[in-house]
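Participant: generate coordinates for the sequence data below:
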Amino acid sequence: MSLKMKNLAITVCIITLHLVSGHTPYLEYLGSRVRNLERVLDSIMKGKGGIAFSAQLSSPRAYKLHETWIFDTVLVNDGNAYNKATGTFTAPVGGTYGFTWSTLTSPSKAAHPFLRVNGHYKGCTAFNNLGTSQRFWSSGSNTILVHLKKGGKVNIASGYLTSYAREAYSSFSGWKIY
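Facilitator: Coordinates of the predicted model:
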């Protein structure tokens with residue numbers, strides 16, 4: 001960069017500073033935005049603010065039609081948004097979330113785990129060994145992305161007939177994407 005260009009750049013900076021310095025409210029606003037960004041970045045760097053959970057069943061269980069499944073062995077609960085007593089995730093903030101679930105059922109049993117968002121079924125997995133003479137285990141899984149508002153509720157429920165799920169082989173997880 002030539003000396004003339006450097007001088008021009010310095011002059012523009014000085015004029016800009018002089019113009020902005022007379023606008024105290026604007027400078028205060030910019031300062032508050034910078035401080036807020038620093039807090040957010042600090043939180044991210046320290047691993048705070050993440051929202052994610054993963055839980056499993058502690059024992060085999062049969063679930064009636066529309067009954068919420070209780071995944072009571074919590075492996076991760078960052079953000080403390082999953083309630084192991086109710087089996088329900090409550091979004092602490094609005095955003096796009098990912099949820100995944102998997103289920104194993106015993107021979108001659110069926111499972112119909114559906115993802116339920118604010119009481120409405122959004123995704124499902126179904127497998128049925130009822131009425132067959134075959135003695136095999138069945139499993140299924142699914143992953144769904146949903147938009148949630150703050151306070152949105154998500155859980156797994158039996159969406160068709162009674163479901164039978166095996167312990168540690170059945171899990172429910174979720175995380176905030178953005």
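Participant: okay, the closest residue to residue 71 other than its chain neighbours: pLDDT?
Facilitator: Nearest-residue entry for residue 71: residue 55, 3.6 Å, with adjacent residues in sequence omitted and distances by Cβ to Cβ, 6 or more residues apart in numbering. C-beta coordinates here come from the backbone N, C-alpha and C atoms, glycine included. Residue-level confidence at residue 55 comes out at 95, pLDDT.
Participant: that's a strand at residue 160, yeah?
Facilitator: No - counting by DSSP: H, G, I helix; E, B strand; the rest coil, residue 160 is not found in a strand; it is coil.
Participant: so it makes contact with residue 66?
Facilitator: No - using Cβ atoms under 8 Å as the test, residue 160 is too far from residue 66 to be in contact (9.6 Å).
Participant: neighbour count: those two, which is higher?
Facilitator: When neighbours are counted by other Cβ atoms under 10 Å, residue 160 and residue 66 differ, and residue 160 comes out ahead with 16 against 13.
Participant: so what's that one up against?
Facilitator: Applying Cβ atoms under 8 Å, 6 or more residues apart in numbering, we find residue 160 in contact with 65, 112, 114, 124, 126.
Participant: skip the chain neighbours and tell me the closest residue to the first one.
Facilitator: By the measure of Cβ to Cβ, 6+ apart, the closest residue to residue 65 outside its immediate chain neighbours is residue 158, 5.4 Å from it.
Participant: from the structure, what's the count of residues near the one you found?
Facilitator: A count of nearby residues for residue 158, using other Cβ under 10 Å, gives 23.
Participant: residue 175 now?
Facilitator: Residue neighbour count, defined by other Cβ under 10 Å, stands at 18 for residue 175.
Participant: domains for this protein, by residue range?
Facilitator: For the chain, automatic domain parsing gives the domain ranges 3-45, 52-176.
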